[in-house]
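[1] pasting the structure only:
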């Protein structure tokens, strides 16, 4: 019944253990059945007695064997019979999914991801893609190597739940200077990007059925967090001045929170005007609501100074401010920050600890060096002029090729722009009910390696506008005219 | 009213913008009040007209100014009055926390962290601390430098929500060989450590009021996740064979899940016996429950083969298997893995996407190299013999110094052991109601740079056992006798 293979790399002890364990689990050996003594088995197998002794000791320790006085060693009688002998181990352990398999209700809420082929590749006009080839890899890699050469024990143990203090100080100082925030390092929590910051914010501030204002159209992944939390979504329209605060108040004065992208509304690109900002802050203060300010790409403005943050105008500590390094450095870094009102520190720290203990240390150290030594500011300056050129090239090409067909929306900022499509001009795609099927256009574009997003997916309710969201972060100036020409062919047919 | 400082590094345009914005927000300029023309202001300030034009354009764009036909430029009348003029900006924007500040109910559930001074330092007998100085830093840093020198665009963009495929393949193959799992790469999700894996599991599988078996005593941070989720905790006692499954069935047959550490029970150190394992799997299958197997340090067993995982015995895909690199490499890496039954992939992917999109890429690449090139297996072998020595030195020293006072619990495994204290021998610390105040002992020990954990904090109900949890991962063999001698002095007084 038990055989060993001396040529195997598996130790003899393990072979003997495995053979008995399988025989018991497969039902080849039954409860109470007697096992040969170690001496007998060693002789039979022509092996030394030590591996046999070790294997038996382990099988006894794990409860597969029992020692009975006067009866030597037997197969344990306490193994549940119904479990044994229902077939050989390798088939039994196959992926069988019998019986009830209950999951959380909120897991069922989470929308099954709709197919989004436009997320599938890199290149024009992928949204959220940066100019990877322009990143100063040599500097980054030098800083990495320098940190890696000088390890210290503290950097290898669990870090602070709020993030590495020197990085938090660096970020706070950057935000005060560049984004007019009023914040101290103690308010800054380092997170794994904006999504993580939003998730934490929802966890600490929002309950099931809490009404939450969201921008309509808006950022889909934020919406999903509120949905999973069980919040009641209150879509509030945006116009050229950003979120229509009066409309929000009319729809739901006592929302628990408002999610906004005031510097550069996603996806339509408006900048929230000063009157709207003050109105929003005033509403929040009056109704005891929170404002979640997602400032995802405000580093890039091309025709004016960067817009000062909402957080910096807030006199009642009602704003949770979210920023990310995904757009100014690169997405796979997974580092961002959350600026927290002082009375909420403990709650955020507790929620973070329960969620993932702390952020990884090494990249925080490298990033601290990168910012502290001036590379960050230099990189932003370079990228600002690069993206400005790319935006200009894109707008020019769109006007030249598709001037009668599309309208460019939004202010001169960021790494993407939205275009709306004029129904009567589009001939070559499905048009239903005077709505253009922008999803179908984006799907067809993805087949041709053009990665733009359909605007209609950014709406909760029936889209009031159809069009496309075009990222220009990863598209070189030279390739933009050709890519736009291909877009024209797609929209208007080959001519 | 408006002044500029030519020596300032702040651009003139920004100075003019800031001055008007502050004057408006502070109430120094009122709605409708007329603003000098750009020409007049430029002359007054002795500056070129361009910075004035730019600043005015921005103030108009952001809605602080309005253009009135025939009246030139005025302060916008749409700024909400009640917001303006409530004091100078710098005091208004101080951290005021007036009005209702509602937070999520589950955030209030999350226990305010009790002071835990024993988490405050590195050294003997810190739990969860590895031999930082024994980590092959030079190899790690070479692998980092090699990866950093060869960037590719794909590595810089968002990664797969499940983690980097080559790492998932490497982990799956390691788990099949070393831990007897039955799994494919597609079942492996890379996470930020065990806490993150548990958090995701709770999110997908558990509802408010779902009953969950937890080990009593058990791992406190796991408990917190179930508490925050709103689950009903069902403490199930552990004994020398691990979780007492029959007791669990008596207390709550239809629990939604059971959380277990079968390889090396935390904190008491038992290994779950084969009969108990089969009983647990059988219960899960019968009652349609899930098993969450936290296999946090099973790489380190000193007197026997590694124990095969529960997951590998499971014939009904009921086990969620969690492992981490925090113990075998180092904690601040924040990488671990979760092995998911095949029918739950989509739900876990959706939950993960909503939570933080994907893990950071770079360290996953380095780790893939580290494992693939054999460094990982070598490191584990070295650490296994190192920790074995450390454990032996600790047990010997405890027997020598405190043989009558303490009892060492648990099997020869892992990086920590628990000791129970005999009440009648402890003279120098507070003893209440025949219970020893182990929290007080741990607090006093922390003052003397001994970082052990009190056992009583591992219980949900009234502790049935008091004692201490001693980590030996970061304590060199040479320092252990002295550290134990200090512990003796602490427990028995100086003599």
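    Cool, got the structure. Being a predicted model, the structure only gives us computed values, none of them experimental.
[2] outside of stretch A:297-304, which residues touch it?
    Residues outside stretch A:297-304 that contact it (CB atoms under 8 Å, 6 or more residues apart in numbering or on different chains): A:178-179, A:263-264, A:306-307, A:309, A:323, A:327-328, A:380, A:383-384, A:387-388, A:391, A:411-415, B:54, B:57-58, B:61. Backbone N, C-alpha and C define where each C-beta goes, glycine included.
[3] Find the nearest non-adjacent residue to residue A:459, please.
    Nearest residue to residue A:459, sequence neighbours excluded (CB to CB, 6 or more residues apart in numbering or on different chains): residue A:217, at 4.8 Å.
[4] Can you say which of the contacts of stretch A:297-304 are buried?
    Neighbour-count burial (16 or more other CB atoms under 10 Å in any protein chain shown) applied to the contacts of stretch A:297-304 gives A:179, A:263-264, A:306-307, A:309, A:323, A:327-328, A:383-384, A:387-388, A:391, A:411-415, B:54, B:57-58, B:61.
[5] Sitting in strands, which of these do you find?
    residue A:323 (DSSP state E).
[6] State the distance from the residue nearest to residue A:459 to residue A:239.
    Residue A:217 is 12 Å from residue A:239, where distance means CB to CB, to the nearest Å.
[7] overlap in contacts of the two?
    Counting by CB under 8 Å, 6+ apart, nothing touches both residue A:217 and residue A:239.
[8] what about the two, which has more around it?
    Shown here are residue A:217 and residue A:239; by other CB atoms under 10 Å in any protein chain shown, residue A:217 has more neighbours (26 against 13).
[9] can I assume that one is in contact with residue A:453?
    No - using CB atoms under 8 Å, residue A:217 is not in contact with residue A:453, being 11.0 Å away.
[10] got the contact list for residue A:246?
    Contact analysis of residue A:246 by CB under 8 Å, 6+ apart lists residue A:279.
[11] quick check, it in a helix?
    Yes - checked against DSSP: H, G, I helix; E, B strand; the rest coil, residue A:246 lies within a helix.
[12] For residue A:239, see how far away it is.
    11 Å.
[13] Longest strand in chain A, please.
    For chain A, assigning by DSSP E, the longest strand comes out as strand A:232-239.
[14] which sections of the stretch 1-150 of chain A are below the confidence cut-off?
    Within the stretch 1-150 of chain A, the segments meeting pLDDT under 70 span A:80-95, A:110-113.
[15] now residue A:292, what's its secondary structure?
    Look at residue A:292: counting by three-state DSSP, its state is strand.
[16] How about residue A:70?
    Going by three-state DSSP: residue A:70 is coil.
[17] Just the helices from the stretch 101-250 of chain A, written as ranges.
    For the stretch 101-250 of chain A, helices defined by DSSP state H, counting those that start in this stretch occupy the ranges A:105-109, A:137-149, A:153-156, A:165-179, A:194-205, A:220-229, A:245-251.
[18] So which of the ones you listed is the most surrounded?
    Highest mean neighbour count of the helices of the stretch 101-250 of chain A: helix A:194-205, a mean of 25 (counted as mean count of other CB atoms under 10 Å in any protein chain shown).
[19] sorry, back to before: let me know whether the longest strand of chain A sits next to chain B.
    No - counting by CB under 8 Å from any CB of the partner chain, chain B has no neighbours in strand A:232-239; the shortest distance is 12.6 Å.
[20] list the buried ones in that strand?
    For strand A:232-239, by 16+ other CB under 10 Å, it's A:233, A:234, A:235, A:236, A:238.
[21] Identify the residues contacting stretch A:478-488?
    Taking contacts as CB under 8 Å, 6+ apart, the residues outside stretch A:478-488 that touch it are A:124-125, A:390, A:393-394, A:397-398, A:400-402, A:445, A:448, A:450, A:452, A:472, A:475.
[22] Now the residue nearest to residue A:459: phi and psi?
    Main-chain torsions, residue A:217, degrees, to the nearest 10: phi -80, psi 160.
[23] list the contacts for it?
    A:238, A:267, A:268, A:455, A:458, A:459, A:463, A:465.
[24] Same question for residue A:472.
    A:124, A:125, A:387, A:390, A:391, A:393, A:394, A:415, A:416, A:417, A:480.
[25] swap the cut-off to 7 Å and go again
    Residues counted as contacts of residue A:472 (CB atoms under 7 Å, 6 or more residues apart in numbering or on different chains) are A:125, A:387, A:390, A:391, A:394, A:415, A:416.
[26] could you redo those residues as a markdown table and give each row distance to chain B?
    Below are the contacts of residue A:472 laid out as a markdown table (distance: CB to the nearest CB, whole Å):
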| residue | distance to chain B |
| --- | --- |
| A:125 | 14 |
| A:387 | 16 |
| A:390 | 16 |
| A:391 | 17 |
| A:394 | 20 |
| A:415 | 13 |
| A:416 | 15 |
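[27] From residue A:335, how far off is the closest residue to residue A:416 other than its chain neighbours?
    In space, residue A:416 comes closest to residue A:471 once its chain neighbours are excluded; the distance is 4.4 Å by CB to CB, 6+ apart. To residue A:335, residue A:471 is 21 Å away according to CB to CB.
[28] repeat for residue A:96
    From residue A:96 to residue A:335 the distance is 42 Å (CB to CB).
[29] Between the two, tell me which one has more neighbours.
    Remark: of residue A:96 and residue A:335, residue A:335 carries more neighbours, 24 against 15, as counted by other CB under 10 Å.
[30] I figured the more buried one hits residue A:363, correct?
    Yes - Residue A:335 is in contact with residue A:363 according to CB atoms under 7 Å; the separation is 6.3 Å.
[31] picking up where we left off before, of the helices of the stretch 101-250 of chain A, which approaches residue B:293 most closely?
    helix A:105-109 (19.9 Å; CB to CB).
[32] Show me what the closest one is packed against.
    The contact analysis (3 or more CB pairs under 7 Å, 6 or more residues apart in numbering or on different chains; DSSP states H and E) places helix A:105-109 against helix A:220-229.
[33] again, only using 10 Å
    For helix A:105-109, the contact count by 3 or more CB pairs under 10 Å, 6 or more residues apart in numbering or on different chains; DSSP states H and E identifies helix A:220-229, helix B:194-205, helix B:345-356 as packing neighbours.
[34] Including mean pLDDT and distance to residue B:43, could the ones you listed go into TSV?
    TSV is the format used below for the helices and strands packed on helix A:105-109 (pLDDT from 0 to 100; distance: least, CB to CB, whole Å):
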stretch	mean pLDDT	distance to residue B:43
helix A:220-229	92	48
helix B:194-205	96	62
helix B:345-356	92	55
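[35] Any idea which of those gets closest to residue A:347?
    Comparing these by CB to CB, helix A:220-229 comes nearest, at 15.3 Å.
[36] chain center to that closest one, what's the gap?
    Offset of helix A:220-229 from its chain centre (CA atoms, centre = their mean, to the nearest Å): 12 Å.
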